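A.B. asks: dropping a prediction and its sequence here:
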Amino acid sequence: MRLAYIYDAVYPWIKGGVERRIYEIGRRLVNKGYEVHWFGIGWWGMRECDLDGIKLHPVCKPQRLYTGERRSIKEAVFFALSLLTKLFKYDLDIVDCQVFPYFPTFSSNIYTLIKQKKLILTWHEVWQDYWYKYLGLKGFFGKVVENLTARIKCDVIAVSEKTLRDLTLIGIDNAKLIPNGIDFERIKRIRPSSLESDIVFAGRLIRDKNVDLLLKAIRNLKDEMCDLTCLIIGDGPEKDKLCKLALELNLSKNVRFLNFLEYDTLLSLMKASKVFVLPSTREGFGIIALEANACGLPVVTVRHRRNAVTELVKKGCGLLCDLNADDLAEKIAIAIERRKRIKKMCIERARQYDWNRIVNQIVDVYEGKRNFPDEG
């Protein structure tokens, strides 16, 4: 069976959750005998190449994915137009297109309609009114495009319970939940780093992550825990502002900033920490939270309707806090105190999301063993 994934960002050149999902599932499908293709931006060059058995197809030359903190609309449109001509050079059985940034879904739909092939749209988030926060008045057009995408007749996958619920609100009632996962056995083999810390954060440094709130919470905790240490791992448009804030709060001895790291190094540092803090108000899933649990860490995250990580934390593997520094500081202190008691539960919970289990679920969908409701 010839399967194609559509997503502009490609792992390992870009290390986000969507890219990781495609890579981890794709290479396992190759081992199961699938012919797996990935149509993305040519971060590696403009020649087709092989990534652990996945055939990479460069749709266009490297483009800027972001303008500031926002995804580039120009890039999304250019990628979608370039994709349309590229796809028709191949005979594919299934096209699995990641919905964001929306425009490639229409190219994928045109291909599958003309070729009479199977289209699957994988939704990682549903934005709706969030578009206005993201783009201001121009968000109206983003919402229109999202609603048009929702009207495409195809099979649908949601990666989280939150996204599944949100899809029903915009009229999609045939979605199947297939969550993201983790490489549990790989995480299990990693040894803790010699660089220990009390708190660790890892992710893109953008406003929605609210890392400034974490810094203010650490300032509040310093009075009771003067030797408190925190690692902030990642990069992004907010980094300079956050470094400056850490100095203003007199946290130079408590907080250390590191750039994005190799995966095993990141896991090693997480295993040498006590609690993982993700004060984000927007997460479509939050693989990093599962990885933290697999490392034995409780997760502290913000109670917010756009934060899908709350679903994981509600299972008893961490704590929810309100969107303020005082409550975040209180929940961090509680998580550090409880960590040894819930470590085993965190690890066992994370084991349920091993990629090998996830790939079996998605094979059932690809091969029609998990039937979708009839489309009206």
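C.D. replies: Thanks, I have the structure now. Numbers count the residues shown, from 1 in each chain.
A.B. asks: next, count neighbours for the closest residue to residue 130 other than its chain neighbours.
C.D. replies: With sequence-adjacent residues excluded and distances taken as CB to CB, 6 or more residues apart in numbering, residue 130 is closest to residue 306, at 6.6 Å. To be clear about C-beta, it is placed using only N, CA and C from the backbone, and glycine gets the same treatment. Under the neighbour criterion other CB atoms under 10 Å, residue 306 is assigned a count of 19.
A.B. asks: tell me the contacts of residue 306?
C.D. replies: Residues counted as contacts of residue 306 (CB atoms under 8 Å, 6 or more residues apart in numbering) are 125, 130, 281-283.
A.B. asks: most neighbours among these, please name it.
C.D. replies: residue 283 (28 neighbours).
A.B. asks: from residue 196, how far off is it?
C.D. replies: Relative to residue 196, residue 283 is positioned 26 Å away (CB to CB, to the nearest Å).
A.B. asks: also residue 135?
C.D. replies: 42 Å.
A.B. asks: now, the contacts of residue 306 that are in helices?
C.D. replies: residue 130 (DSSP state H).
A.B. asks: can you redo the contacts of residue 306 as a markdown table with distance to residue 53 and pLDDT?
C.D. replies: Conversion of those to a markdown table gives the following (distance: CB to CB, whole Å; pLDDT from 0 to 100):
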| residue | distance to residue 53 | pLDDT |
| --- | --- | --- |
| 125 | 29 | 95 |
| 130 | 37 | 92 |
| 281 | 37 | 94 |
| 282 | 33 | 91 |
| 283 | 30 | 92 |
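A.B. asks: just the contacts of residue 306 now: which is nearest residue 39?
C.D. replies: Residue 39 lies nearest to residue 125 out of those, by CB to CB, at 21.2 Å.
A.B. asks: how many other residues sit next to the residue lying closest to the closest one once chain neighbours are set aside?
C.D. replies: Nearest residue to residue 125, sequence neighbours excluded (CB to CB, 6+ apart): residue 284, at 4.0 Å. Residue 284: 23 surrounding residues under other CB under 10 Å.
A.B. asks: same question for residue 89.
C.D. replies: Neighbours of residue 89 under the rule other CB under 10 Å: 7.
A.B. asks: residue 99 against residue 121, yeah?
C.D. replies: Yes. Using CB atoms under 8 Å, residue 99 makes contact with residue 121 at a distance of 5.4 Å.
A.B. asks: list residues touching both of the two?
C.D. replies: Residues touching both residue 99 and residue 121 (CB under 8 Å, 6+ apart): 105, 149.
A.B. asks: all helices of the chain, in order?
C.D. replies: Counting by DSSP H, the helices of the chain are 17-31, 73-87, 103-115, 130-135, 139-150, 161-169, 184-189, 211-222, 239-248, 263-271, 287-294, 309-312, 325-351, 355-366.
A.B. asks: ok, which of these comes nearest residue 55?
C.D. replies: Short answer: helix 17-31, nearest of the helices of the chain by CB to CB, at 9.2 Å.
A.B. asks: what's the closest non-adjacent residue to residue 362?
C.D. replies: Sequence neighbours aside, residue 178 is the residue nearest to residue 362 in space, at 5.4 Å (criterion: CB to CB, 6+ apart).
A.B. asks: residue contacts, the one you found?
C.D. replies: Residue 178 neighbours (CB under 8 Å, 6+ apart): 157-159, 358, 361-362, 365.
A.B. asks: could the contacts of residue 306 go into JSON lines alongside distance to residue 46?
C.D. replies: Output for those, formatted as JSON lines (distance: CB to CB, whole Å):
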{"residue": "125", "distance to residue 46": "31"}
{"residue": "130", "distance to residue 46": "35"}
{"residue": "281", "distance to residue 46": "38"}
{"residue": "282", "distance to residue 46": "34"}
{"residue": "283", "distance to residue 46": "34"}
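A.B. asks: pick the most deeply packed of the helices of the chain.
C.D. replies: helix 287-294 (a mean of 27; mean count of other CB atoms under 10 Å).
A.B. asks: could you check the angle helix 325-351 makes with that one?
C.D. replies: 70 degrees (axes from the mean of the first three to the mean of the last three CA atoms, to 10 degrees).
A.B. asks: packing partners of helix 287-294?
C.D. replies: helix 17-31, helix 184-189, helix 263-271, strand 275-278, strand 299-302, helix 309-312, helix 325-351 (3 or more CB pairs under 8 Å, 6 or more residues apart in numbering; DSSP states H and E).
A.B. asks: now tell me what touches the first one from outside.
C.D. replies: The list of residues contacting helix 17-31 from outside it, by CB under 8 Å, 6+ apart, reads 3, 5, 7, 9-12, 36, 38, 51-54, 98, 100, 124, 159, 180-181, 183, 284-288, 355-356, 358-359, 362-363.
A.B. asks: re the thing from before, ok, the residue nearest to residue 125 - contacts?
C.D. replies: 17, 124-125, 159-160, 163, 308.
A.B. asks: alright, that wraps it up for me.
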